[in-house]
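Engineer: Mind looking at a prediction? Sequence and model below.
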Amino acid sequence: MSLPTTGPGRIEDLLPSFEPENDLEERVARDPQLLEGLAWGEPRAGHPEGSVAAHVEDLLEMLEEWDEPAERRTKLRFIALVHDAFKGDVMERLPKIGRNHHADRARRFAEDYTDDQALLSVIQHHDRPYALWRKMKRKGSLDERGFMKMIEDIPDVALFVRFVELDGSTEGKTPGPIAWLRVELRNRGHELPQPPHV
């Protein structure tokens with residue numbers, strides 16, 4: 001599949017090992033907004049790999065090592081491509097909430113490509129477990145209302161958990177929030193996929 005050679009870059013330059021596997025990936029990989037977002041970033045806390053593209057490439061490579069059902073693997077690939085691509089658009093002088101949060105911006109971008117609420121909700125909430133975990137560590141108790149609001153907005157909890165695990169599998173991430181999320185969800189009766197086998 002050939003992709004454009006003009007604009008903010010080419011997907012091949014940003015993600016050398018990426019090959020679109022379906023029409024959705026082909027279309028989104030041509031979008032100049034996505035390409036610009038993937039090019040953004042430098043090494044920082046939680047992302048020592050630097051650019052968003054480097055992080056996405058790590059996720060796609062890790063996903064290849066996991067034994068995921070085909071449908072979930074396809075969804076995880078799309079989420080990985082889009083989830084952090086709008087970090088560079090966040091206005092640092094404003095609170096990183098609502099429309100000024102990179103995940104909200106990524107969801108609005110993804111809505112131009114899909115109406116799959118499972119995909120959109122994972123993109124929207126992918127960093128929320130970490131934020132809730134940090135708040136709990138700081139305050140000593142869980143923001144129960146915030147946790148329930150997040151879960152109520154997620155139609156496919158298994159997909160959500162798997163992406164949180166994937167996103168948290170890269171260098172610079174701590175496993176604490178993932179283990180905590182699994183315990184909280186199991187305690188509330190959610191059936192979860194087994195942890196990924198590498």
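Structural biologist: In hand now; what should we look at?
Engineer: wait, doesn't residue 119 sit right on residue 75?
Structural biologist: Yes. The pair residue 119 / residue 75 is scored as a contact, 5.8 Å apart, by CB atoms under 8 Å. Using the backbone N, CA and C atoms, a C-beta is placed for each residue, glycine as well.
Engineer: and those two? which has more neighbours close in?
Structural biologist: residue 119 (25 against 22; other CB atoms under 10 Å).
Engineer: Tell me the spacing between that one and residue 54.
Structural biologist: Residue 119 sits 23 Å away from residue 54, going by CB to CB, to the nearest Å.
Engineer: What sits closest to residue 88 if chain neighbours are left out?
Structural biologist: Nearest non-adjacent residue to residue 88, counting by CB to CB, 6 or more residues apart in numbering: residue 40, 3.4 Å away.
Engineer: how about that neighbour, what does it touch?
Structural biologist: Residues near residue 40 by CB atoms under 8 Å, 6 or more residues apart in numbering: 51-52, 85, 87-88.
Engineer: Helices of this structure, start to end?
Structural biologist: Applying DSSP state H to the chain gives helices spanning 11-14, 23-28, 32-39, 52-65, 70-82, 102-110, 117-125, 128-139, 144-152, 157-167, 176-187.
Engineer: What is the neighbour count of the spatially closest residue to residue 107 that is not a sequence neighbour?
Structural biologist: Among residues not flanking residue 107 along the chain, residue 124 sits closest, at 4.3 Å (CB to CB, 6+ apart). Residue 124: 21 surrounding residues under other CB under 10 Å.
Engineer: so what's residue 124 up against?
Structural biologist: Here residue 124 is in contact with 103-104, 106-107, 153 (CB under 8 Å, 6+ apart).
Engineer: Repeat that for residue 29.
Structural biologist: 3, 11, 18, 20, 35, 81.
Engineer: now these: which count as buried?
Structural biologist: 11, 18, 20, 35, 81 (16 or more other CB atoms under 10 Å).
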